[in-house]
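A.B. asks: with the input below, show me the fold.
(2 chains)
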Amino acid sequence: MATFFRHVRAFFRQRPTGSWLVAIVCLKLFVMFAILRVFFFKPAMGGMSAEEKANTVSENIFRNE
Amino acid sequence: MVLLESLIGWSRAQFALTAAYHWLFVPLTLGLALIMGIMETLYVTKKDDFWRGTAKFWQKLFGINFAIGVATGLILEFEFGTNWSNYSWFVGDIFGAPLAIEGIVAFFLEATFLPLMFFGWKKLSPKWHLAATWLGGLGATISAWWILVANAWMQHPVGMAFNPVTVRNEMVSFADVALQGMAVTKFLHTVSSAWMTGAVFVVGVCCWYLLRKRNEEMARRSLRIAVIVGIASTFIVMGTGDRSGVEIAKHQPMKLAAAEGLMDGGTQAPFSIVPGIEVPGVLSILATHDLNGYVPGINDLKREGEAKMARGRQALEDFRLFRETMDTDSAAAAVHAQKLAENVEFFGYGHIENADQLVPPVPIVFWAFRVMVGAGGLLLLVLLLFLWFEWKRKEEFPKWLLHAGLWSIPLVYIAGQAGWAVAEVGRQPWIIQDLMPVNAAISELPSSNVIVTFFLFLLIFTALLIAEIKIMCKAIKNHEAL
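C.D. replies: Take a look at the predicted model:
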């Protein structure tokens, strides 16, 4: 595993674009999972049981009727 | 109602924005995977170090695109759970299963083989490295298969039964879901268009080098491969596009009528090149492969829609009665379930208030179709001209052709985006064809939440796109072929 990471590090070091890419990828994943997912994209029916979800969806279907 | 309209509008805009940006990264990944696979195969079979260096260069550009684009599609899945929760529950495991398989395949094949491809040039034998390159590309392509299976199911839902107790569609035939005609056609059409994108991208970059008289051997030999891949994939795109037309005529006739602006149907239906210029009979041939085939128009389909709306309302009423009686009167519930089953294929029509709502935005679909086909035709012409000059063994390509090749890069992206606009705008008002319109699929959220995340995404994706273009341009500019 350590050898693998050494190769990964060497790959990025030998390329001037590598460091930028790593920074962008890390920042993107952080924004996606630690900010967007946590604060903006909570599942609308998170925490409900299957029965509660079925009831909610059927009510919503009738709401839009 | 106004608030709901605003919520639907912003949620749709957000999904469209995310999907459109995602589709800027994906086709280049799939297309370059094929081209660099071919180049590396030439290196291994011919034992020619030129192809090793060339494959590594294109792989570098592939790596930049992959790194910036990776996981942008996951945001679409966030949106399903938050903005489209009714839909997510209603589709049940039919949508979840292909996406789960996609996740597993993407994870195992791409996560295993792409790092080996990037980092394994000195560690693996040429043959093992070649295997890693092809398997990484195959992983990305198989991922696309499952995503497109899920999309095709939304366009033509098959292989499931609606369970009114759980309010979910339950899969009864995995084979029908995974191998239905719409899924196969969509996969072949989409993936071949991605190969075309990769090929045109390589052509464009090679043209840039040739215009500047740099890396000429690499550019000339790469261009040769890209032109062949580009022409072959364009013909596959055309063939599968023809098949797609027949599928749409069968399962989504309103989309076809909108794409043609055909108000009243008939046999020997004309194909409209632009408004006012029509070719008699061609639409019938495209839609049915028969000059005398009947193609319904928007007005015909609206009339048909009225009858379906009545059956849809009946289905909703039976569904309501079933839900009211299922815990208290099992005999009555069984009767309502039976009646629901008779009309369930029109379930979504119960939400349609008037037949005009069944018509998608005609100008967008009409023009997007023409942009897609027109851009595709121009790209084919450019690729054929390159082939002709190669055939004639000309020392140099004319400058105007090199400029055309360079400007083909934005054109191929415009064609791809227009194609998705036809597919997705053309199926409105449905999120699932005939079963669920978008207004029934939406979660109850404040519109302001969706507006905030819309602009947040716009900012993030634009920044990513600028970063990708800058890093890629720098890599192209700095490259010195051996």
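
A.B. asks: show me the shaky parts of chain A.
C.D. replies: Residue ranges of chain A with pLDDT under 70: A:1, A:4, A:7-18, A:64-65.

A.B. asks: show me where it has helices.
C.D. replies: For chain A, applying DSSP state H gives helices covering A:2-13, A:16-30, A:50-63.

A.B. asks: tell me which of those is the most buried.
C.D. replies: helix A:50-63 (a mean of 17; mean count of other CB atoms under 10 Å in any protein chain shown). C-betas here are computed from N, CA, C, even on glycine.

A.B. asks: mind checking if it is in reach of chain B?
C.D. replies: Yes: under the criterion of CB under 8 Å from any CB of the partner chain, chain B is reached by helix A:50-63 at A:50, A:53, A:54, A:57, A:58, A:60, A:61, A:62.

A.B. asks: contacts for that helix next, please.
C.D. replies: Residues outside helix A:50-63 that contact it (CB atoms under 8 Å, 6 or more residues apart in numbering or on different chains) are A:45, A:48, B:85-86, B:89-90, B:165-168, B:316, B:319-320, B:323, B:440, B:444.

A.B. asks: same deal with stretch B:145-153?
C.D. replies: Outside stretch B:145-153, the residues touching it (CB under 8 Å, 6+ apart) are B:73, B:91, B:94-95, B:98-99, B:101-102, B:105, B:159, B:177-178, B:180, B:182-183, B:185-187, B:190-191, B:423, B:432.

A.B. asks: what about that stretch, distance to the chain center?
C.D. replies: 9 Å (CA atoms, centre = their mean, to the nearest Å).

A.B. asks: mean confidence score for it?
C.D. replies: For stretch B:145-153, mean pLDDT is 92.

A.B. asks: and the residue nearest to residue B:106 when sequence neighbours are not counted, how many residues sit next to it?
C.D. replies: Nearest residue to residue B:106 in three dimensions, chain neighbours excluded: residue B:143, at 4.2 Å (CB to CB, 6 or more residues apart in numbering or on different chains). Residue B:143 has 23 neighbours, counted by other CB atoms under 10 Å in any protein chain shown.

A.B. asks: wait, doesn't residue B:143 sit right on residue B:104?
C.D. replies: No: applying CB atoms under 8 Å as the test, residue B:143 and residue B:104 come out as separate, 9.7 Å apart.

A.B. asks: OK, contacts around the closest residue to residue B:288 other than its chain neighbours?
C.D. replies: Nearest residue to residue B:288, sequence neighbours excluded (CB to CB, 6+ apart): residue B:249, at 6.3 Å. By CB under 8 Å, 6+ apart, the contact list for residue B:249 reads B:256, B:287, B:288, B:295.

A.B. asks: so which of those residues is the closest to chain A?
C.D. replies: residue B:256 (27.1 Å; CB to the nearest CB).

A.B. asks: quick one: the strands in chain B?
C.D. replies: Under the criterion DSSP state E, chain B contains strands at B:160-163, B:168-171, B:271-274, B:277-279, B:430-432, B:436-437.

A.B. asks: which secondary structure elements does the last one contact?
C.D. replies: Contact here means 3 or more CB pairs under 8 Å, 6 or more residues apart in numbering or on different chains; DSSP states H and E; on that basis strand B:436-437 packs against helix B:85-105, strand B:430-432.

A.B. asks: quick one: which of these is nearest residue B:379?
C.D. replies: helix B:85-105 (28.7 Å; CB to CB).

A.B. asks: go through the closest one and flag the buried ones.
C.D. replies: Burial within helix B:85-105, assessed by neighbour count using 16 or more other CB atoms under 10 Å in any protein chain shown, is assigned to B:85-95, B:97-99, B:101-102, B:105.

A.B. asks: contacting residues for residue B:440?
C.D. replies: Residues in contact with residue B:440 (CB under 8 Å, 6+ apart) are A:60, A:61, A:64, B:86, B:348, B:351, B:431.

A.B. asks: and the spatially closest residue to residue B:138 that is not a sequence neighbour, how far from chain A?
C.D. replies: What sits nearest to residue B:138 in space, not counting adjacent residues and going by CB to CB, 6+ apart, is residue B:109, at 6.6 Å. Residue B:109 is 18 Å from chain A, where distance means CB to the nearest CB, to the nearest Å.

A.B. asks: just residue B:417 next, same as before
C.D. replies: Per CB to the nearest CB, residue B:417 is found 22 Å from chain A.

A.B. asks: how about residue B:44?
C.D. replies: Distance from residue B:44 to chain A, by CB to the nearest CB: 21 Å.

A.B. asks: just checking, that residue touches residue B:128?
C.D. replies: No: with contact defined as CB under 8 Å, residue B:44 does not reach residue B:128; the gap is 10.1 Å.

A.B. asks: reformat the contacts of residue B:440 as JSON lines; add distance to residue B:467.
C.D. replies: Output for the contacts of residue B:440, formatted as JSON lines (distance: CB to CB, whole Å):
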{"residue": "A:60", "distance to residue B:467": "39"}
{"residue": "A:61", "distance to residue B:467": "42"}
{"residue": "A:64", "distance to residue B:467": "41"}
{"residue": "B:86", "distance to residue B:467": "36"}
{"residue": "B:348", "distance to residue B:467": "41"}
{"residue": "B:351", "distance to residue B:467": "42"}
{"residue": "B:431", "distance to residue B:467": "32"}
